[in-house]
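Colleague: coords please:
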Amino acid sequence: MTTQDISVAHQRLREGVDALNEGKLDKAAEAFSDAEVRFRLAGDYRHAGDSRMLLAEVQQQNNLIDSAIISYSRARNYYRQAEQPLSEAAATMALGHLERQRAHLDLAQQAYEEASALYQQQRAVRGQGNVWLALGHLELQRGHIAQAAAYYQQAVAAFQEAGEAITEADARRSYGDTCRLEGKFATAEEAYRQALAVYEAQRDHYGAVDALNGLAQICLEQWRLAEAADLFGEVIRRSLELEYELGQADGNLGLAAVALANNQLEQALASAQRAQQVYENQRNALGLAQALRLLGEINLRRGQLAYASSQVQRSLRTYQALARRPGTAEAQLCLAEILRRRGQLERATETFSAAQRQAHLSTNPLLASQALLGLGEIHRQRGQPSRAHELYEEAARHAAQLAEPFRSYGLAEAALRQARLAIAGGSLQAAWEQLTRARPGSESGPQHARLVPLLALTEGEWYLTVGEFTRAEGRFSEARQQAEVLQEPLLAAEALLALARTYLARSELQAALLTYSEAERQFQQLENPVGTAAATLGTAQVLIGQQRWSEAIERCETALRGFEQGEDLAGQAETLLALGLARRNSEQLDEAWTSLEAALQLYQQQRLPLGESDTRYERAGVLLARDQLSEAAGELQQAINLVEQVRQSLPQPEQWTAPFMRQYAPLYAQAAITEVRLNQEQQARALLESYVRLAGPSELLEQLKAYEESIPTGGDLSEEALSANKDLLKRLRQLRKGLA
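Modeller: Below is the predicted model:
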C-alpha cells in the first residue's frame, strides 16, 4: 500500500475515535472496521489490533458480547504478529473480562493466566496488578472469599510498586469487600477508609461513592443502622451531584435494607423499587439481582408470598447466570422459606439444602445457620423431632462462629426453636433450660427485636402446656402486640391462634370461636395453608365443645386436607383426634376408632406424649361405649403413665405440678370410675390419692360428682340394671367421701 493509503487508515481510525466519543456507535464501528482492513493490508498489525480493540469496545456498548469476544481475539492475534506483548496481554485481559461476564469462569481464568504470563515476561508490574485484581473478582464470584482476598492483597502490593494510586485504591476497596463478607469488619473498614482517602485526594468522585457504599454496608451488617442510613444518604447525595445513577441505586438499595432492619416495610419497599428500576434501565444484572432478592424478603415479611416468590426466583436465575455463588445462597434461602410457608416442603427442603451447600462453599456460617434452622422446621413439621433437634444443634454451632451481634442472635433463635420442639415433646425441663438460654440473646438490644415476639410466643406455649392459662394468655397477647409493631404478620397470626387455644382450654367457647375465625382470615391472607388448617381445626374443637357434632366433623375434614397438603403430621394427628371425638359422640363408633387409631400412630411416630395420652383417653371412651371395661382401663392407665412421664420433666415441680395435673382430672376420674366398675376399689383409691397429693381434690371431686349425677337410678331400666347402678353409685360416693 502507498503512504497515502496508510494516511487514510489513520484518518479513519481518528474518525472512529471521534464518533465513539460523541456516542455515534454505528459510525464508529464502520470507521474502525475500515481502518482495520486498511492497516492489515498494509501489514501494520499493531494499528490493526488497535482498530479491532476499539471496535470491540463499540460492540460491548451495544451489548454484542459474542461479537466483542471475536474482535478481542482478532486483536490479540494482530498484536502477537506485531510482537506487541503488552497489547496482546491487554486484549487477552479484555477477553477474560467478557468470559467472566458470561459466567464462563474457567475460560476467564485461562485468559487471565495467559495475560499474567505475558506481563511477567515483560516485568509489567501494573499489568500484573490488573491480573491479580481480575482473579480476585473471579474468586469472589465463585464464593472463594479467602482466595479472593489473597489476590486483592497481591494487587495492592503491585499497584503500590507501580505508583498507581487509583488502581491501588480499587484493590483495597475490593479487599474490604472480602473482609466484610468474612465478618472482619475492622479490617474492612480500614481498607474502605484508605481507599476513600485516595479517591478524594485524586478527585475520583465515583470511586469515593463506591467506598462510602462499602462503609455503609459494614454499618448495616453490624446493625449500626443510624450510621448506615446516614452513609447511604451521603452516597445518594454525591451520586445525584455526579448524575451517577448506579450510585443512586446502590444508596437506595442500602436504605431499603436499613428500613427492613428497622421494620419499616413500606419505606423499604419504595426504596428497593427505586433501585430496581435504575438497575433495569442500566442493564446492571448484579444490582438487579440484589434488588429483587431484597424485594422478595420484604414481601415475605409482608406475607405477600406470590409476589415474593416471583421476585426471588427471578433474582436466583440472575445470580446463577452470573455464577455469583454468595448471592445465589441468599436468594435460595429466601425462596426456601417462601416454599416452606406455602406448604411445599419437598421443594423447600431441596432449596434449603442447596443454600446450605452454597453457604458452606462460600464459608458463610450465618447463611448456613439460617438454612439449617429452616431444614429443622421442615423436619419438625414432618414429625421427625430427632432430626429437627440435630439440625437446630448444628445451626447453633454455626451461629457460635459468628461475630456479635449475629452470634447471640443466632444462638437465641436456635434455642427458641429447640424449646418449641421440647415443649411439643413433653420435655418441659429441657424446654425451660432452652428458654433460659434464649432470654439474654432475645432481650440484649434493639437489633434482636425480631426475637422478642418469638420468645413471648414460646413462653406462652410453655405456660399453656403446664396449665398456667392466665400467664399463657398474657405472653400470647404480648407476642401478638410486639409482632404487629415489628410488622411480622405471620408471628402475629400464630400468637392469635395460640390465644384462641388458651380460650378453648378455659372453655371460653365464644371467645375462642371469634379468635379462631380471625386467625383463619389472617392465615388465608398470608397464603399459609398449615396456619389456615390449624385455625379451622380450632373452630372444629369449639363446635365439639358446643356439641355440634356434624359441623365439627365437616370442619375437621377440611382441616385434615390442609394439614395433609402441608405435610404437617402434628396437625394431622390433632385433627384425627378431634374427628374421632366428634364421631364417637355421633355414635359412629367404628369410624371414631379408625380416626383415633390413626391419630395414635402419628403421635407415637412423633413422640408426642401428651397427644398420645389424649388419644388413649378418647379411645377408652369408645371402649367404654362398647362395654369393654378391661380394655378401657388399660388405655386409661397408659394415658396416665404418659402424663406422669411429662410431669416428671417439670422444673421446680412444687411450683408447676398442681396447675399441670388439674388439666388431667377427667382422665384420673375416668380411670378410677372404670376401676370401680371392675370391682377394683383399692386400685381406684390409690390412683385418686396419688392425684390428690399432687393437685388437691377439688377438680377431681367435681368430675366424680358429675359422673354420679349422670348415673340413672330410675326410668325404664330393668331391675337388674337399676340395682347395679345403685350399687355403683354407692361405691363411688364412698370413694369420693374418702377424698374430701
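Colleague: Could you use CA atoms for every contact and neighbour count after this?
Modeller: OK.
Colleague: Tell me which stretches of the stretch 51-200 of the chain form helices.
Modeller: 65-81, 85-101, 105-121, 125-142, 145-162, 165-181, 185-201 (DSSP state H, counting those that start in this stretch).
Colleague: right, and those - which one's nearest residue 683?
Modeller: For the helices of the stretch 51-200 of the chain, the distance to residue 683 is smallest for helix 165-181, at 67.2 Å, taking Cα to Cα.
Colleague: for that closest one, the distance to its chain's centre please.
Modeller: 31 Å (Cα atoms, centre = their mean, to the nearest Å).
Colleague: counting contacts, what elements does it pack onto?
Modeller: helix 145-162, helix 185-201, helix 205-221 (3 or more Cα pairs under 8 Å, 6 or more residues apart in numbering; DSSP states H and E).
Colleague: Comparing those helices, which comes out most buried?
Modeller: Mean neighbour count (mean count of other Cα atoms under 10 Å) peaks for helix 205-221 among these, with a mean of 24.
Colleague: helices or strands up against that one?
Modeller: Using 3+ Cα pairs under 8 Å, 6+ apart, helix 205-221 sits against helix 165-181, helix 185-201, helix 225-242, helix 245-261.
Colleague: Throw these into JSON lines and include mean pLDDT, thanks.
Modeller: Formatted as JSON lines, the helices and strands packed on helix 205-221 follow (pLDDT from 0 to 100):
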{"stretch": "helix 165-181", "mean pLDDT": "91"}
{"stretch": "helix 185-201", "mean pLDDT": "93"}
{"stretch": "helix 225-242", "mean pLDDT": "95"}
{"stretch": "helix 245-261", "mean pLDDT": "95"}
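Colleague: possible to save those helices as TSV with distance to residue 11?
Modeller: Conversion of the helices and strands packed on helix 205-221 to TSV gives the following (distance: least, Cα to Cα, whole Å):
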stretch	distance to residue 11
helix 165-181	33
helix 185-201	37
helix 225-242	34
helix 245-261	35
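Colleague: Find the centremost residue of this protein, please.
Modeller: residue 337 (4.6 Å; Cα atoms, centre = their mean).
Colleague: Could you report the neighbour count for residue 738?
Modeller: 11 (other Cα atoms under 10 Å).
Colleague: next one: phi and psi at it?
Modeller: Note on residue 738: its backbone torsions stand at phi -70, psi -20 [degrees, to the nearest 10].
Colleague: cool, residue 263 as well?
Modeller: Residue torsions, per degrees, to the nearest 10, at residue 263 are phi 60, psi 30.
Colleague: same question, the one 5 residues further on
Modeller: Here the main-chain torsion angles of residue 268 (degrees, to the nearest 10) amount to phi -60, psi -40.
Colleague: which one is it nearest to, not counting chain neighbours?
Modeller: Among residues not flanking residue 268 along the chain, residue 256 sits closest, at 4.0 Å (Cα to Cα, 6 or more residues apart in numbering).
Colleague: Distance check, that neighbour against residue 679.
Modeller: For residue 256, the distance to residue 679 equals 73 Å [Cα to Cα, to the nearest Å].
Colleague: Just want to know which of the two has more residues nearby.
Modeller: residue 256 (30 against 13).
Colleague: in terms of contact, does the more buried one touch residue 262 like I think?
Modeller: No. Using Cα atoms under 8 Å, residue 256 makes no contact with residue 262, being 9.7 Å away.
Colleague: list the contacts for the nearest residue to residue 57 once chain neighbours are set aside?
Modeller: Nearest non-adjacent residue to residue 57, counting by Cα to Cα, 6+ apart: residue 68, 7.1 Å away. Residues in contact with residue 68 (Cα atoms under 8 Å, 6 or more residues apart in numbering) are 55-57, 59-60.
Colleague: Surely the residue nearest to the centre of the chain and residue 350 touch.
Modeller: No. Using Cα under 8 Å, residue 337 is not in contact with residue 350, being 11.3 Å away.
Colleague: Please list all residues in contact with residue 237.
Modeller: residue 248.
Colleague: May I have the residues that are in contact with residue 398?
Modeller: 365-366, 368-369.
Colleague: Tell me the spacing between it and residue 360.
Modeller: 10 Å.
Colleague: what's the overlap in contacts for these two?
Modeller: By Cα under 8 Å, 6+ apart, the residues touching both residue 398 and residue 360 are residue 368.
Colleague: sorry, back to before: need the helices and strands packed on helix 165-181 in JSON lines (columns: distance to residue 505).
Modeller: Formatted as JSON lines, these follow (distance: least, Cα to Cα, whole Å):
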{"stretch": "helix 145-162", "distance to residue 505": "53"}
{"stretch": "helix 185-201", "distance to residue 505": "50"}
{"stretch": "helix 205-221", "distance to residue 505": "43"}
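Colleague: do you know which of those helices lies nearest residue 31?
Modeller: Evaluated with Cα to Cα, these place helix 205-221 nearest to residue 31, the distance being 31.2 Å.
Colleague: The closest one relative to helix 245-261, how many degrees between them?
Modeller: Comparing the axes of helix 205-221 and helix 245-261 via axes from the mean of the first three to the mean of the last three Cα atoms, to 10 degrees yields an angle of 10 degrees.
Colleague: List the contacts of helix 205-221.
Modeller: 170, 173, 176-177, 180, 185, 188-189, 192-193, 195-196, 199-200, 225, 227-229, 231-232, 234-235, 238-239, 242, 244, 247, 250-251, 254, 257-258.
Colleague: Redo the helices of the stretch 51-200 of the chain as a markdown table? Include distance to residue 610.
Modeller: Shown next, in a markdown table, are those (distance: least, Cα to Cα, whole Å):
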| stretch | distance to residue 610 |
| --- | --- |
| helix 65-81 | 65 |
| helix 85-101 | 58 |
| helix 105-121 | 56 |
| helix 125-142 | 49 |
| helix 145-162 | 49 |
| helix 165-181 | 46 |
| helix 185-201 | 48 |
